[in-house]
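Asker: have a look at this prediction, sequence included:
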Amino acid sequence: MYKHFFKQIIDFTGAFILIMLLSPVFLLLIIVLSIYYRGNPFFLQKRIGYKDKAFSIYKFKSMKDIYDNEGIRLPDHLRLTALGKFIRKTSLDELPQLFNILKGDMSFIGPRPLPVRFLPYYTERERKRHLVKPGITGLSQISGRNHLPWNDRLELDVRYAESISFREDIRIIYKTILKVVKQEDITLTPQMDSLIVQRGGGKPDIKKGE
């Protein structure tokens, strides 16, 4: 009952209330980032969601759009700005995902949604993480976040999907708040593509406009 009914009501209501309460913060960040990056303050990327359905995730921009002469995007550590480091450390870059929750693409609690290009590299068991909506935070985030090996992170996501409960969600929210306040387990430029490399996919090319 909680998984299929009450969780969705809590997500929608909570996201709506937080958007209203945080609207001054949203407005301030939109103005500051628009000036700082001289353009769009948002970062959009296709991610894998519920039942393998792709959706566009919303985040506040933390990197410059810089490419080399061949149109290949430069490494994250060269594009991450001083302001970007701050909004990542404080998790302010995640705030626009409240609109993803409002749309029904995401939940407050669930496996973090990964880029679409990762989908072919999951095992059958790991794909069970997509039997629930992806979340802003989740079990793997409170268990070590980006410092965990990929296999461990994905296994924790599956375990969450197999045993969702209200009590577990409350525990995850509480521990997430503590980690944000203490700024623990935060990697400013996580190597997301390492999953593909580890599983024999080679080094992915990130072309301009991708």
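Answerer: Now that the structure is in, tell me what you want to look at. Residues are numbered from 1 along each chain as shown.

Asker: burial of Asp93, as a residue count?
Answerer: 22 (other C-beta atoms under 10 Å). No exception for glycine: its C-beta is placed from N, CA and C like everyone else's.

Asker: who's in contact with it?
Answerer: Counting by C-beta atoms under 8 Å, 6 or more residues apart in numbering, Asp93 touches Phe43, Lys59, Phe60, Lys61, Ser62, Gly84, Ile87.

Asker: secondary structure element for Ile17, which one?
Answerer: Element membership for Ile17 (DSSP states H and E) is helix 7-21.

Asker: going by neighbour count, list what's buried in that helix.
Answerer: Neighbour-count burial for helix 7-21 flags Lys7, Ile10, Asp11, Gly14, Ala15, Ile19 (criterion: 16 or more other C-beta atoms under 10 Å).

Asker: in TSV, list these along with distance to Val158.
Answerer: Converted to TSV, the buried residues of helix 7-21 look like this (distance: C-beta to C-beta, whole Å):
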residue	distance to Val158
Lys7	18
Ile10	22
Asp11	21
Gly14	25
Ala15	25
Ile19	30
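
Asker: now do the helices in this protein.
Answerer: In the chain, the helices defined using DSSP state H lie at 7-21, 23-36, 76-79, 82-89, 97-103, 150-162, 166-182, 194-198.

Asker: what angle do the helix holding Ile17 and helix 166-182 make?
Answerer: Relative orientation of helix 7-21 versus helix 166-182 (axes from the mean of the first three to the mean of the last three C-alpha atoms, to 10 degrees): 30 degrees.

Asker: shaky segments in the protein?
Answerer: Applying pLDDT under 70 to the chain flags residues 185-197, 199-210.

Asker: can you report how many residues lie near Thr81?
Answerer: By other C-beta under 10 Å, the residues close to Thr81 number 15.
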